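K.L.:
3D, please:
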Amino acid sequence: MSEYQHIVHPIPPLYDAESQILILGSFPSVKSREMAFFYGHPQNRFWRVVSEIFEDAFPETVEERSAFLHRHHIAAWDVIHSCDIVGSSDASIKNVVANDLSVILDAAPIREIYVNGKTAEKMYLRYTKERTGREAVCLPSTSPANAAWTLPKLVDAWRVIRVPTPKDQSDF
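P.N.:
A predicted model of the protein is given here:
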């Protein structure tokens, strides 16, 4: 078994003044830390899910992924600023220090906060909710470890993140 490492979150939050939703993971995986961007593990289904929901091309590079999130008014970060962790194992996380979400919440008109999976939800409730005073909607994890959720089921559950566009609103 690997040893615990104390790691400070290496990826800055992604947001701008037009971000309307905030998606929070728990802490970046080893692959995401290596890539220096969110959901970097090739088996993580996050990018497949959001590209299908928004009917947009699958973003391959960090630059394409960043542009995708900005284009769809999505802010992304993680609940945890630093922790002790073994590899990418959410179950091993201890000695948590939470990120200060006011960096995003004070700068963008975030209408909803979503957490990617039960670990992110648990960490949000334990370390962050009291500071933000805001609820977070828990969505099923896009991690490959969440094998019970097929891609079509994930897409259905995650559709709630879609920010209505003027085109969408004209359909009603």
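K.L.:
what is the burial count for A67?
P.N.:
The burial count assigned to A67 is 12, neighbours taken as other Cβ atoms under 10 Å. The C-beta positions use only the backbone N, C-alpha and C, and glycine is treated the same way.
K.L.:
next up, the contacts around it.
P.N.:
Listed by Cβ atoms under 8 Å, 6 or more residues apart in numbering, the contact partners of A67 are P59.
K.L.:
am I right that it is in a strand?
P.N.:
No - counting by DSSP: H, G, I helix; E, B strand; the rest coil, one finds A67 to be helix, located in no strand.
K.L.:
look up how far E121 lies from it.
P.N.:
Using Cβ to Cβ, to the nearest Å, we find A67 at a distance of 28 Å from E121.
K.L.:
low-confidence regions, the chain specifically.
P.N.:
Screening the chain residue by residue with the criterion pLDDT under 70, one finds the ranges 1, 163-172.
K.L.:
for it, what spans make up the strands?
P.N.:
All strands of the chain, identified by DSSP state E, fall at 5-8, 21-25, 74-78, 80-85, 94-98, 112-116, 137-139.
K.L.:
strands paired with the first one, and their directions?
P.N.:
Take DSSP bridges as the rule and strand 5-8 pairs in its sheet with strand 80-85 (antiparallel).
K.L.:
other residues contacting the partner strand?
P.N.:
Surrounding strand 80-85, the residues in contact under the criterion Cβ under 8 Å, 6+ apart are 4-9, 26-27, 92-100, 123, 127.
K.L.:
how about 10 Å then?
P.N.:
The contact list for strand 80-85, computed with Cβ atoms under 10 Å, 6 or more residues apart in numbering, reads 2-9, 24-30, 90-100, 119-120, 123-124, 127-128.
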